[in-house]
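Enquirer: missing the sequence, but the structure's below:
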Ligand SMILES: NC(=O)c1ccc[n+]([C@@H]2O[C@H](COP(=O)([O-])OP(=O)(O)OC[C@H]3O[C@@H](n4cnc5c(N)ncnc54)[C@H](OP(=O)(O)O)[C@@H]3O)[C@@H](O)[C@H]2O)c1
């Protein structure tokens, strides 16, 4: 049985990996405080002690707004943490699967981004994630960098926030001029399982199929949850935030297609499934 070490195992993706992988693989589940990926020695000790075949880095500093105020904390996890894992995986000849983000792009072009398009992050979070990617690439081990977007699963996410607000407010204003692709952690975990058994290393874009705005996403959430809520479309300018977000960060899953992997189902189908079966 293959042994997989998961960092950030208590996060949204980490929990999906736990659920889907627990019967097929020997899992070593790590999160703060026992494994802080910013600590090189702790990363090396974990890999030496457990001897995994694969490391999946699901740990990250994911608070996009807070990252603007504490950039060093974001860079420590998203760049140095990723680098630490890449270094110790290379040393031990272990495959690394690292998760990155659509926020490495500026979204100015207005068409889907391929893996070979030039990134240009707008936020501290996006910049720190991009540096993490670059450090992993520079390390030169056996890595998959998988960029995903708008994740929801077991944890804090947009779907749960919308459903909570529906019980608290008569009307909800949602940004209607930022496009992306909501992606279900369960579908992403299944995709990671496909790629991790191959030697097709490199960068992948991996999201559910299709795209929408946050406003359209919210409307579908309420439709599938059978909730009557007034949703008002607003512009990004009407909802000022510290972190600048890309207007159009849709990811073309080009490399998955070219390599012959199964493409993920449409985001609406995945969302319906999540709300019916998995959204507590
Ligand atoms: N969420 C999204 O919409 C989204 C979109 C695109 C890409 N991604 C990427 O997808 C991946 C998974 O995201 P997610 O939504 O599952 O994130 P998440 O729910 O925020 O989980 C991240 C986990 O990492 C842990 N962590 C933070 N700092 C750590 C450290 N120094 N050492 C070890 N663990 C640490 C967190 O612990 P604490 O909770 O205690 O901090 C948390 O358990 C990340 O790489 C993220 O950048 C996410």
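Expert: Good, I have the coordinates. All values derive from a computational prediction rather than experimental measurement.
Enquirer: Which elements pack onto the longest helix along the chain?
Expert: Longest helix of the chain, by residue count under DSSP state H: helix 124-139. Packed against helix 124-139 by the contact rule (3 or more CB pairs under 8 Å, 6 or more residues apart in numbering; DSSP states H and E) you find helix 64-69, helix 71-75, helix 82-92, strand 95-101, strand 143-148. Every residue, glycine included, has its C-beta placed from N, CA and C.
Enquirer: Residue 18: which of these is closest?
Expert: Among the helices and strands packed on helix 124-139, strand 95-101 comes nearest to residue 18, with 14.8 Å by CB to CB.
Enquirer: Report the angle between the closest one and helix 82-92.
Expert: Strand 95-101 and helix 82-92 meet at an angle of 160 degrees, taking axes from the mean of the first three to the mean of the last three CA atoms, to 10 degrees as the criterion.
Enquirer: Kindly reformat the helices and strands packed on helix 124-139 as TSV and extend each row with distance to residue 161, mean pLDDT and mean neighbour count.
Expert: Below are the helices and strands packed on helix 124-139 laid out as TSV (distance: least, CB to CB, whole Å; pLDDT from 0 to 100; neighbours: other CB atoms under 10 Å):
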stretch	distance to residue 161	mean pLDDT	mean neighbour count
helix 64-69	13	98	17
helix 71-75	21	98	18
helix 82-92	27	98	22
strand 95-101	19	98	25
strand 143-148	19	98	24
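Enquirer: in stretch 201-211, what's buried?
Expert: Within stretch 201-211, the residues that count as buried by 16 or more other CB atoms under 10 Å are 203, 204, 205, 206, 207, 208, 209, 211.
Enquirer: now the end-to-end length of that stretch.
Expert: 26 Å (CA to CA, to the nearest Å).
Enquirer: Over to stretch 49-69?
Expert: From the first residue to the last, stretch 49-69 extends over 36 Å; the measure is CA to CA.
Enquirer: Repeat that for stretch 154-162.
Expert: The straight-line separation of the ends of stretch 154-162 (CA to CA) is 15 Å.
Enquirer: before we move on, the earlier item: of all the buried residues of stretch 201-211, which comes closest to residue 176?
Expert: Minimum distance to residue 176 across the buried residues of stretch 201-211 is 13.2 Å, recorded for residue 211 (CB to CB).
Enquirer: Could you check how far the closest one is from residue 77?
Expert: Look at residue 211 and residue 77: by CB to CB, to the nearest Å, they are 28 Å apart.
Enquirer: related to what we said a few turns ago, residues in contact with the longest helix of the chain: which ones?
Expert: With CB atoms under 8 Å, 6 or more residues apart in numbering as the test, helix 124-139 has contacts from 60-64, 67-68, 71, 74-75, 77-83, 85-87, 90, 96, 98, 100-101, 103-105, 119, 121, 143, 145, 203, 243, 246.
Enquirer: Now with 7 Å, please.
Expert: When contacts are defined by CB atoms under 7 Å, 6 or more residues apart in numbering, helix 124-139 is touched by residues 64, 67-68, 71, 74-75, 78-79, 82-83, 86-87, 90, 96, 98, 100-101, 103-104, 119, 121, 143, 145, 243.
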